[in-house]
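1. structure for this input, please:
(2 chains)
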There are 2 protein chains.
Amino acid sequence: MPPKFQPPKGMRDFPPEAASRLQKVLDTIRRVYELYGFVPLETPSLEGFDLLSAKGGLGEAVKDEIYYFKDKGDREVGLRFDMTMPLARYVLANPTMPKPFKRFAIGKVWRYDNPQAMRWREFWQADVDVIGTPTIFADAECVACAADALRALGFDDFVIRFNNRKMIEALLLKGGVPKEKINDAFRSIDKLDKIGSEGVEAELKQKGIKSEGILDLLKLKGRSDVILQRLETAKPDGLPETKQFLSLTSSLGLDKWLQLDLSLVRGLEYYTGLVFEISLGSKVSCGGGGRYDNLIGQLGGPATPATGISLGIDRILSVMEERKMAVVAAGSRVFVAAVGEELRPKAFEVARELRMLGIACEVDVAARPFSKQLEYANNRGYPFCVIIGPKEVASSTFKVKDMISGKESELSQEGFFSWAGKLV
Amino acid sequence: MPPKFQPPKGMRDFPPEAASRLQKVLDTIRRVYELYGFVPLETPSLEGFDLLSAKGGLGEAVKDEIYYFKDKGDREVGLRFDMTMPLARYVLANPTMPKPFKRFAIGKVWRYDNPQAMRWREFWQADVDVIGTPTIFADAECVACAADALRALGFDDFVIRFNNRKMIEALLLKGGVPKEKINDAFRSIDKLDKIGSEGVEAELKQKGIKSEGILDLLKLKGRSDVILQRLETAKPDGLPETKQFLSLTSSLGLDKWLQLDLSLVRGLEYYTGLVFEISLGSKVSCGGGGRYDNLIGQLGGPATPATGISLGIDRILSVMEERKMAVVAAGSRVFVAAVGEELRPKAFEVARELRMLGIACEVDVAARPFSKQLEYANNRGYPFCVIIGPKEVASSTFKVKDMISGKESELSQEGFFSWAGKLV
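-> Below you'll find the model as predicted:
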C-alpha cells in the first residue's frame, strides 16, 4: 500500500543521510564561492509574474513551465525558476550599488517539467554572477570558480564546453544567414546533440536557412586553440575575446577541463557572448551559463553587462551517489549511556559538557534500559560510549568504552576531558 | 519612483550583509543541533493540500492562512506553513524507521498573514523534533538544544516559558469545566497576554465556562518550583512529569531561562503535554513548541509520541540587528592588484594559489586601472593588497601592502606563502 500522503509529483524528500550529503555539498560550494569574493544575496522563493515572464522574451508562455498562481489578493505570482531574474530585479532596484557586483546565491528553484530521471520539479542551484563589467575576466572568474567547486567536491572528469555566440552569429551572417533568422538558427543548432547534424540540416532547410559549410564548421572537434586558428581567416566578431578568454583560463590551469564547442549556443535568447555548459563524465549536464549583457536593459534598467554560471546540485548529488563518492558528514561521535534511571540526569550533564567542547554526542531520550542503550549506540555506529554508572559517579571517574574493540578504560576527570578534547 | 519590479507582498530580499548574517545564524544553529545528535531531513517546499489541511483539525479553513493553489494537473497543493507536517508525512511513510527519530530541519515556510512588524509571509524556521518517545527527556533535550542555540548566537536574556496542558486540563476539569469545553477554554486562556484577565473572564463566561478561581491560579507568578508546590494538593495529572522536567532541566543549568507559566497553553489543538514559548528580552516571541502525541495517530499512523521546538530565525535576526550584535562573516581578506594590463593573468594565478590555501581573496574583474584597484580595495575594507608589478614578477617576489598603515613589504616566495598561511 502506498503511503497515505505523498510529496508533490516530481518532488522528493532527502532522508537524513541524503540531507547530510546535500548540506555538505552546499557548504563546500559556498566556501569556494566565498573564497572568490562573491557575496550572498537571498531573495524570496516567490516572484511576481511580471518579472518571471520577462526572461528572454518568454512572456505568457512561461506559465506552462512554472508554478504559477494568483494569490488571495489576486496578484499573479510564481515560484522562481532561476535565481538570475531575482538578481536582475535586485540590481534594478539598487541602481547606485557599486559595480561590479559579484553575488552568489544557493537555493531551490521550481519548474513544472515532466518528471524523469535526474529531472525534478524542485531542485537546488548554486549560482555565481558578475554584474556590471563586460570583461572576459568576469567570465573566466565564474568558470574558475565553478571548476574549483567541482574539484572541491572530488570531481576531476568534468568538461566545461564553451563558445561565443557573438562569434557564431558573425559566422552565420558571413555565411549568408539573414540577421532576423539568427535566433531561429541558434535554436536549431542547439539541438545538434539531440537530433544530429542531419536533423539540424533538415530543420534549417525547413526554416529557409542555407546551412552549407556552416554545420561542418560547428562540428569541428579537437584542441580549442586549433579550432580557433581555423577561424582566423574569417575573423568573426568575438574571436579576439575568445582567444583572450582561452589564454587566461589556460594560465589558470583550467585547460584540462575546457573544450571549445562551436555548436554550443544554449537555447535561451538572452545569452549575448561567451556561453558555458558543464557536464560530469562527459554526459550528465550539471551546470551552465554565460554572458547576458542585454537582460537588465530589457527589464528597463540601464545597459548593464552581466555574466554567470549556475551549478545543478541535484545532478551533482546523483552522480556522487552513483559513484559512491564519500561526503563524510560530521555526525555524532559519542553516546553517553546511563546505567540506572537515577543516573539519567547525570548522563545529560556529561553530554552537555562534551557539547561545550564541540563534541557531537547523544544521550538516550527513549527510556531504554542500559543494555538497550549500548545496543542502540552500537547499531548507530558510535565509536565510543561513555558509561555513567554509580561507581563512576561516586569516584568522579569516567568509564569510556571503545565500541569496536570492546575495551573499557577508567579515566580520571582530567584524563576524560583530555581524551574528549582529541575527538573534536 | 518605486522600482518597476517588487518582491511579493510581505516578502523581502536579504542584501549581501543581511544574507551573510542570516547564513551565519543558520550555520550556528545547525552546528548546535548536530552537537545534540539530531539528523537533518529535507522535504519539498510544496505539500499536498490533504496533508496541510490535516493539522489540528484545521481543514478547509487553513486555505485562508496559506499559499494554496491548484497545479496544472489540477492537484491541490500549498507552500508548507511549518516543517512538522512534512515530518509527520515522512514518519508515516517510513513505519519501520528506528525510533526515537531525532530530526532537525532548517528552511523556509510561508504563511498568508497580514504583513506587519516582524511578521513576514516567507520566513525561516529551525526545528528540532523527537519522534517516538513519550519521556520528558525528549522534551528537555529539545529545550536544552534551543537554549544552547540561542546562547551560541550570543543571547543571554531569553525566557523559555513552559507549561503542561495535561496539568491545566486536569485543573480545569476539577474546577468544573466540562470535557468538551476544554479546547474552548484553552483558546480563551491563550489570549491572556492580549486581552488581559478581564477579557478572558468575559470570554469564558460568554462560552458558558465558569472560571472562578481558575484564572487566579493560572496567573500565579514566581519561582517555577514554588508554583508547582501550590498544585500539590490538587494533584492534577501531569504534575509528576512537570516536576521531573523541571528537575532535569535544572540539573542541566537551564533554570536561569525557564519560567513556568500556567496560563501558557498555545492555541493549536494538537499540543498534548508540555508546551514551550521562547521570547527574547521577555518580549519578542522567537520560538515555541511542545508535545504533540496525537498528530501521527490522527493522520492514520500508529500512535506515536512526539515533541519538538521551532526557532523563528527572522525574529532572532531582527533583534540581533536592533541590538547591533556582531555576527562576523568571514569575508575576503586580500585583494590582488595588477599594475599593468599584461599582469592581470598573473594576478589571477596568485589569487588562485591563495584560495588553495583557503584564503578568500578578490581580483579586479572590471578592467580598472591599478590606482582604481587600490581605491576599490580600500573602500571595500580589505586589510591587505598583494601588488603584482613587473619588478616583482621578474624577481619572483611579492609586494604586500598593509592598507591600514600603508606600509609595503617585499617578500620572497617562501616568506609570502608563510605570511599568507597566517591569514587563514
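
2. what bits of the stretch 251-400 of chain A have low per-residue confidence?
-> A:282, A:327-332 (pLDDT under 70).

3. mind redoing it with 80?
-> A:267-268, A:282-283, A:326-332, A:356 (pLDDT under 80).

4. check the stretch 1-150 of chain A too.
-> A:1-2, A:56-59, A:115.

5. now do the strands in it.
-> A:39-40, A:46-48, A:68-70, A:76-79, A:101-110, A:122-131 (DSSP state E, counting those that start in this stretch).

6. want to throw those into JSON lines with mean neighbour count and distance to residue A:198?
-> Every C-beta, even on glycine, is put in place using the N, C-alpha and C of the backbone. Output for the strands of the stretch 1-150 of chain A, formatted as JSON lines (neighbours: other C-beta atoms under 10 Å in any protein chain shown; distance: least, C-beta to C-beta, whole Å):
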{"stretch": "strand A:39-40", "mean neighbour count": "20", "distance to residue A:198": "46"}
{"stretch": "strand A:46-48", "mean neighbour count": "23", "distance to residue A:198": "41"}
{"stretch": "strand A:68-70", "mean neighbour count": "17", "distance to residue A:198": "37"}
{"stretch": "strand A:76-79", "mean neighbour count": "21", "distance to residue A:198": "38"}
{"stretch": "strand A:101-110", "mean neighbour count": "22", "distance to residue A:198": "35"}
{"stretch": "strand A:122-131", "mean neighbour count": "24", "distance to residue A:198": "33"}
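
7. make JSON lines out of the ones you listed and add distance to chain B.
-> Converted to JSON lines, the strands of the stretch 1-150 of chain A look like this (distance: least, C-beta to the nearest C-beta, whole Å):
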{"stretch": "strand A:39-40", "distance to chain B": "4"}
{"stretch": "strand A:46-48", "distance to chain B": "5"}
{"stretch": "strand A:68-70", "distance to chain B": "4"}
{"stretch": "strand A:76-79", "distance to chain B": "5"}
{"stretch": "strand A:101-110", "distance to chain B": "6"}
{"stretch": "strand A:122-131", "distance to chain B": "5"}
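
8. put together JSON lines for those, with distance to residue B:399 on each row.
-> Below are these laid out as JSON lines (distance: least, C-beta to C-beta, whole Å):
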{"stretch": "strand A:39-40", "distance to residue B:399": "27"}
{"stretch": "strand A:46-48", "distance to residue B:399": "46"}
{"stretch": "strand A:68-70", "distance to residue B:399": "56"}
{"stretch": "strand A:76-79", "distance to residue B:399": "50"}
{"stretch": "strand A:101-110", "distance to residue B:399": "24"}
{"stretch": "strand A:122-131", "distance to residue B:399": "26"}
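
9. nearest to residue B:22, out of these?
-> strand A:39-40 (8.1 Å; C-beta to C-beta).

10. residues touching that closest one, excluding its own?
-> A:102, A:103, A:104, A:105, A:106, B:14, B:16, B:19, B:20, B:23 (C-beta atoms under 8 Å, 6 or more residues apart in numbering or on different chains).

11. again, 10 Å this time
-> Strand A:39-40 is contacted by residues A:30, A:33-34, A:101-107, B:14-23, B:329, B:331-332 when judged by C-beta atoms under 10 Å, 6 or more residues apart in numbering or on different chains.

12. show me where the stretch 251-400 of chain A has its helices.
-> A:295-298, A:313-322, A:344-356, A:370-379, A:390-395 (DSSP state H, counting those that start in this stretch).

13. could you check the second one and say which residues are buried?
-> For helix A:313-322, a neighbour-count test (16 or more other C-beta atoms under 10 Å in any protein chain shown) marks A:313, A:314, A:315, A:316, A:317, A:318, A:319, A:320 as buried.

14. what's the closest of the strands of the stretch 1-150 of chain A to residue B:385?
-> strand A:101-110 (17.4 Å).

15. starting at the chain centroid, how far to the closest one?
-> Strand A:101-110 has its C-alpha centroid displaced from the chain centroid by 9 Å (C-alpha atoms, centre = their mean, to the nearest Å).

16. what pairs with it, parallel or antiparallel?
-> Here strand A:101-110 has these sheet partners by DSSP bridges: strand A:39-40 (parallel), strand A:122-131 (antiparallel).

17. is it possible to get CSV of those strands that adds distance to residue A:69?
-> Below are those laid out as CSV (distance: least, C-beta to C-beta, whole Å):
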stretch, distance to residue A:69
strand A:39-40, 28
strand A:122-131, 15
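
18. closest to residue B:305 out of the ones you listed?
-> Nearest of these (C-beta to C-beta): strand A:122-131, 30.8 Å.

19. could you give the angle of that closest one to helix A:313-322?
-> Using axes from the mean of the first three to the mean of the last three C-alpha atoms, to 10 degrees, the interaxial angle of strand A:122-131 with respect to helix A:313-322 works out to 120 degrees.

20. distance of residue A:259 from residue A:246?
-> Distance, residue A:259 to residue A:246, by C-beta to C-beta, to the nearest Å: 11 Å.

21. now do the shared contacts for those two.
-> A:162, A:224, A:227.

22. same list (those) but as CSV, adding secondary structure, neighbour count and pLDDT.
-> Shown next, in CSV, are these (DSSP: H, G, I helix; E, B strand; the rest coil; neighbours: other C-beta atoms under 10 Å in any protein chain shown; pLDDT from 0 to 100):
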residue, secondary structure, neighbour count, pLDDT
A:162, strand, 24, 97
A:224, helix, 20, 95
A:227, helix, 18, 95
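
23. is it possible to get a markdown table of these that adds distance to residue B:115?
-> Below are the shared contacts of residue A:259 and residue A:246 laid out as a markdown table (distance: C-beta to C-beta, whole Å):
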| residue | distance to residue B:115 |
| --- | --- |
| A:162 | 44 |
| A:224 | 52 |
| A:227 | 55 |
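
24. residue A:126 reaches residue A:104, doesn't it?
-> Yes. Between residue A:126 and residue A:104 there is a contact under C-beta atoms under 10 Å: 7.2 Å.

25. what residues are shared contacts of the two?
-> By C-beta under 10 Å, 6+ apart, the residues touching both residue A:126 and residue A:104 are A:29, A:30, A:32, A:33, A:83.

26. which ones among those map onto helices?
-> The helices, defined by DSSP state H, take in A:29, A:30, A:32, A:33 from these.

27. now the residues you listed as CSV including distance to residue A:421?
-> Formatted as CSV, those follow (distance: C-beta to C-beta, whole Å):
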residue, distance to residue A:421
A:29, 31
A:30, 28
A:32, 30
A:33, 33
